[in-house]
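Colleague: coordinates for the following, if possible.
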Amino acid sequence: MARVNRRNYYRILHVQPDAPAAVIRMAYRTLMQKLRLHPDLGGDGATASLINEAYAVLSDSQRRADYDAQNTARPARDVPQSAEESTVMSQTSANAALAPRGDPMHCAFCGATALLPTQDTASARCASCRSPLAPPPRDSHLAARRAFDRQPLAGSMEYFVRGSAHGPRPAALRDFSPGGVLVTTPEQLPSGSVLAVKSPLFDAVVRVVSCEEGAPGEVHAWHMRLEFLTLALNAPTGSFVATQV
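Modeller: Residues are numbered from 1 along each chain as shown. Alright, predicted model coming up:
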């Protein structure tokens, strides 16, 4: 019996399982060229090898179909990140923060091609859907991390689901950190779903990490943990004040 490949090639290339071939090709080129993960541009050989492996499978329609079929019982996106995948994700985030401004990239929500401006990159928006383009602050940004240490919040927000014509959907904000948020919502969404989030405090493109049923009787029945893919703050850091939840 053939061994099931549990590497999450979609997560490695930062694309959704239903991404068309053109988006997969664009994501691969962005990682290797624009984010300079290719060894000839200073990238790590092992990281580039894993990205090449993922692209070789997902860019070939038959190999991709076989890979998807192998992971039908338990989708690869539900498998915890391996050490190799974590390295790829960390290097991608670090290189994204250092990417030459003005280089083309694609919006994490709608996939439209966009250019990061040469100045004020933190407020850059997609011209098509107005989602933020800048990545969230990472551990290496110590000042930003001190400014946005995790603290409890209570507030309203709304979100749009990628690939859905419905929206916006309401949700309640419960917790904020440099890496993501915890919200409650009336609907259950599968892990890996990509959302565009709008709130008085911030706008973001996020990925659903988990969605768990809340206690009986709760108005918003589902608790979702969301990982930031991009982030734009709409309020100064002092506005993120702890509240009782």
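
Colleague: quick one: least confident helix or strand in this protein?
Modeller: Using mean pLDDT, DSSP states H and E, the weakest-scoring helix or strand in the chain turns out to be helix 142-147, at a mean of 44.

Colleague: same question for Arg7, what's its three-state structure.
Modeller: Three-state assignment for Arg7 (DSSP: H, G, I helix; E, B strand; the rest coil): coil.

Colleague: so it is in contact with Ala56, correct?
Modeller: No: using C-beta atoms under 8 Å, Arg7 is not in contact with Ala56, being 11.9 Å away. All C-beta spots, glycine's among them, are computed from the backbone N, C-alpha and C.

Colleague: neighbour count winner among those two?
Modeller: Higher neighbour count among Arg7 and Ala56: Arg7, with 19 against 13, using other C-beta atoms under 10 Å.

Colleague: ok, now how distant is that one from Ser49?
Modeller: Arg7 sits at a distance of 12 Å from Ser49 (criterion: C-beta to C-beta, to the nearest Å).

Colleague: Glu227 now?
Modeller: In terms of C-beta to C-beta, Glu227 sits 25 Å off from Ser49.

Colleague: residue ranges with poor pLDDT in the protein?
Modeller: 1-6, 34, 72-105, 113-121, 137-154, 217-220, 235-245 (pLDDT under 70).

Colleague: go again with 50.
Modeller: The model of the chain has pLDDT under 50 over residues 1, 75-78, 101, 139-152, 237-245.

Colleague: could you pull out the strands for it?
Modeller: 104-106, 113-115, 151-161, 169-176, 180-185, 194-198, 202-213, 222-233 (DSSP state E).

Colleague: rebuild the ones you listed as TSV, extending it with distance to Arg130.
Modeller: Formatted as TSV, the strands of the chain follow (distance: least, C-beta to C-beta, whole Å):
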stretch	distance to Arg130
strand 104-106	15
strand 113-115	11
strand 151-161	11
strand 169-176	17
strand 180-185	19
strand 194-198	8
strand 202-213	8
strand 222-233	10
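
Colleague: want to try TSV for those strands, with mean neighbour count and distance to Arg29 as columns?
Modeller: Listed next are those as TSV, based on neighbours: other C-beta atoms under 10 Å; distance: least, C-beta to C-beta, whole Å:
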stretch	mean neighbour count	distance to Arg29
strand 104-106	17	9
strand 113-115	15	11
strand 151-161	16	27
strand 169-176	19	33
strand 180-185	22	27
strand 194-198	23	20
strand 202-213	19	20
strand 222-233	20	18
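
Colleague: the ones you listed: which one's closest to His38?
Modeller: Among those, strand 104-106 comes nearest to His38, with 16.2 Å by C-beta to C-beta.

Colleague: and the residue nearest to Asp68 when sequence neighbours are not counted, how far from Gly43?
Modeller: The shortest distance from Asp68 to any non-neighbouring residue, by C-beta to C-beta, 6 or more residues apart in numbering, is to Pro17 (7.2 Å). The gap separating Pro17 from Gly43 is 25 Å, by C-beta to C-beta.

Colleague: wait, which of the strands of the chain is closest to Arg125?
Modeller: Evaluated over those, closeness to Arg125 peaks at strand 222-233, with 7.3 Å, by C-beta to C-beta.

Colleague: direction included, what does the closest one pair up with?
Modeller: Its sheet considered, strand 222-233 pairs with strand 180-185 (antiparallel), strand 202-213 (antiparallel) by DSSP bridges.

Colleague: the longest one versus strand 194-198: what angle between them?
Modeller: It stands for strand 202-213. Angle, strand 202-213 to strand 194-198, by axes from the mean of the first three to the mean of the last three C-alpha atoms, to 10 degrees: 120 degrees.

Colleague: neighbouring contacts of strand 202-213?
Modeller: Here strand 202-213 makes contact (C-beta atoms under 8 Å, 6 or more residues apart in numbering) with 107-109, 130-132, 136, 159, 176, 180-181, 188-197, 221-235.
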